[in-house]
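Trainee: dropping a prediction and its sequence here:
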Amino acid sequence: MSKLFSPITFKETELKNRIVMSPMCMYACYEQDGKITPFHITHLTSRAVGQVGLVMTEAIAVMPEGRISPQDLGIWDDEHVAGLKELNEQIHAYGAKSATQLAHAGRKAVLDSAIYAPSALPFNDSSDTPVEMTEDDIQKTIQAFKNGARRAKESGFDIIELHGAHGYLINQFLSPLTNKRTDMYGGSKEKRYRFLSEVIDAVKTEWNGPIFVRISTNEYSDEGNSLEDFIYFTNEMKKQGIDLIDCSSGGVVPVKVLSYPGYQLPRCEQIKHETGIATGAVGLITSGLQAEEIVQNDRADLVFIGRALLRNPYWPKAAADELGYSIGAPVQYKRGWN
């Protein structure tokens, strides 16, 4: 029996296997209105046809100024719900569960309008300097995450992931590299965690399903958060009822990262075993054998597949073949599946 293809349940939501389509920006909203397009529906539904257990959208902005680019998906307006609902109907029709990643880019937004961050520090020399958020700005942003959760529920998503990684807004509040505030939202790790804590509390007033959080478990800087800091943040999230930590790395400050298959796995594994929370492994997981080893040896509970799923929407089928395991197929594909 393959553990990779065994079911797993978060709250009342059962995933048929441990394979997750990792959130990846597609920059396909050409009207710059954040609305779902035919491309998104084809792109995401095809992975459900390919037997991915959980299909996750790209980072979806809770505010217009929170987009990574003008071509990103949005969930800041009720007008976004109809398209997202259609997307979920398609994903669910093929037996997959769906997730969306609620996000705010903070200082890494590349827009013509003003951008916002915990502190007025640009990402690099060519980036715009963000406006330092007032406490009123912070409360409006927390409300936007809450409204995004309500719209995610109305749209029919099964799981929400909060994007607290890759140097975007939540990560900017968490990191001493980007958070130089001296008020209740900056300074100690306890104060740096406050923004994420309040976002989680606000989201839970609208959402009673599973919540994942993606974090950058390594900031690749001696002045950044340590692994011990991330253990602290994870324990706090566990107390607040977070179901899984999606363990990525980097993106907080410009730095070249040496990546190799499974390069983010050691910290993922350590966070899982030191805190007792479920984790998701991500980063150059490309083969069925590699993915099976991760879950079989309890190094993580889910595997998040990115580039390999861009290359092959039927990656789960290829992984199953590699493992000598038979998985189901849409009835229309059965004649060519085995």
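Mentor: Nice, I can see it.

Trainee: so, low pLDDT: which residues of the stretch 151-300 of the chain?
Mentor: Of all residues in the stretch 151-300 of the chain, none has pLDDT under 70.

Trainee: tell me which stretches of it form strands.
Mentor: Remark: strands assigned in the stretch 151-300 of the chain by DSSP state E, counting those that start in this stretch are 159-164, 211-216, 244-248, 278-282.

Trainee: residues in contact with the last one?
Mentor: The reference is to strand 278-282. By CB atoms under 8 Å, 6 or more residues apart in numbering, the residues outside strand 278-282 that reach it are 10, 20, 22, 212, 243-248, 262, 264-265, 268-269, 271-272, 294, 299-304, 306. C-betas here are computed from N, CA, C, even on glycine.

Trainee: wait, Ala152 sits on Gln101?
Mentor: No. Taking contacts as CB atoms under 8 Å, Ala152 lies outside contact range of Gln101: 9.9 Å.

Trainee: save the strands of the stretch 151-300 of the chain as TSV, and put in mean neighbour count and distance to His40 too.
Mentor: Listed next are the strands of the stretch 151-300 of the chain as TSV, based on neighbours: other CB atoms under 10 Å; distance: least, CB to CB, whole Å:
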stretch	mean neighbour count	distance to His40
strand 159-164	27	17
strand 211-216	26	20
strand 244-248	27	21
strand 278-282	24	21
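
Trainee: what about Asp222, neighbour count?
Mentor: Neighbourhood size, Asp222 [other CB atoms under 10 Å]: 6.

Trainee: OK, contacts around it?
Mentor: Asp222 touches nothing, counting by CB under 8 Å, 6+ apart.

Trainee: so how far is Val253 from it?
Mentor: Going from Asp222 to Val253 by CB to CB, to the nearest Å gives 11 Å.

Trainee: how about the nearest residue to Lys272, chain neighbours excluded?
Mentor: Thr279 (4.2 Å; CB to CB, 6 or more residues apart in numbering).

Trainee: same check on Cys247?
Mentor: In space, and not counting its chain neighbours, Cys247 is closest to Cys268: 3.6 Å by CB to CB, 6+ apart.

Trainee: ditto for Ser175
Mentor: Closest to Ser175 by CB to CB, 6+ apart is Val252, at 5.1 Å.
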